[in-house]
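Novice: Model the structure of this input:
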Amino acid sequence: MAYDSFNILTSTAVPLPIENVDTDQIIPARFLKATERKGFGDNLFRDWRYHPDNTPKADFVLNDPTYRGKILIGGKNFGSGSSREHAAWAVYDYGFRCVISSFFADIFRNNCLNVGVLPVQVSAAFLEKVFAAVYADPATELEVNLPTQTVTIQSTGEKESFDINSYKKSNMMNGFDDIDYLLNIKSDIETFSKTLPL
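Specialist: The predicted model follows:
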């Protein structure tokens, strides 16, 4: 399933300064019945967003109109817990294209990269600067530059580099998942196969 390519994202951000956010909070298990990647955004952080009677919790950041944007800023160890790929689907389906944290669970990181969400891991010190800038002015924009692998706080000019696997980087920039990548090199595969003995 192809998704929008990712090159340079400039956006305001939504701060969620909670450590050890696990995948069961990102998308509770009772919403895992669907097999398509659609509709999961409605239940992103469902138990944190809504009361049992389905009314929004006013004190949760996704219900606060002050904060909007395509970037989610999370605390350390974001995406821990079970390996459910639906957590990444929910983040993408809600409208986030990037999650910034000082540490990601490996499986969640890879699931994000497979569906078009860029996990940007920065130092704890820089993460604090990002949170501070957004809290000081919710209109603050962050620039996430995938080609140069940098994230910049636009209001101060402070920036930091981040790492990403070169294969995943190329796929993100082209809007490919693993299947799209293989289809893109189909002719090369067919050419190579003709060189093999029968």
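Novice: mean confidence for stretch 162-178?
Specialist: Stretch 162-178 shows a mean pLDDT of 88.
Novice: quick one, phi/psi of Leu16?
Specialist: phi -130, psi 80 (degrees, to the nearest 10).
Novice: Just give me the neighbour total for the nearest residue to it once chain neighbours are set aside.
Specialist: The shortest distance from Leu16 to any non-neighbouring residue, by Cβ to Cβ, 6 or more residues apart in numbering, is to Gly74 (5.2 Å). (Glycine included, C-beta is placed from N, CA and C.) Gly74 has 24 neighbouring residues, counting by other Cβ atoms under 10 Å.
Novice: how close does Gly74 get to Phe104?
Specialist: 8 Å (Cβ to Cβ, to the nearest Å).
Novice: in this structure, which spans are strands?
Specialist: Using DSSP state E, the strands of the chain run over 8-11, 13-16, 71-74, 98-101, 118-121, 142-145, 150-153, 159-161.
Novice: who touches the longest helix along the chain?
Specialist: Ranked by residue count, the top helix of the chain under DSSP state H comes out as helix 124-136. With Cβ atoms under 8 Å, 6 or more residues apart in numbering as the test, helix 124-136 has contacts from 12-13, 15, 17, 67, 73, 76, 100-102, 122, 140, 142, 151, 153, 155-156, 158, 160.
Novice: If we use 10 Å, what do you get?
Specialist: Residues outside helix 124-136 that contact it (Cβ atoms under 10 Å, 6 or more residues apart in numbering): 12-17, 66-67, 69, 71, 73-76, 100-103, 120-123, 140-142, 151, 153-156, 158-162.
Novice: Done for today, thanks.
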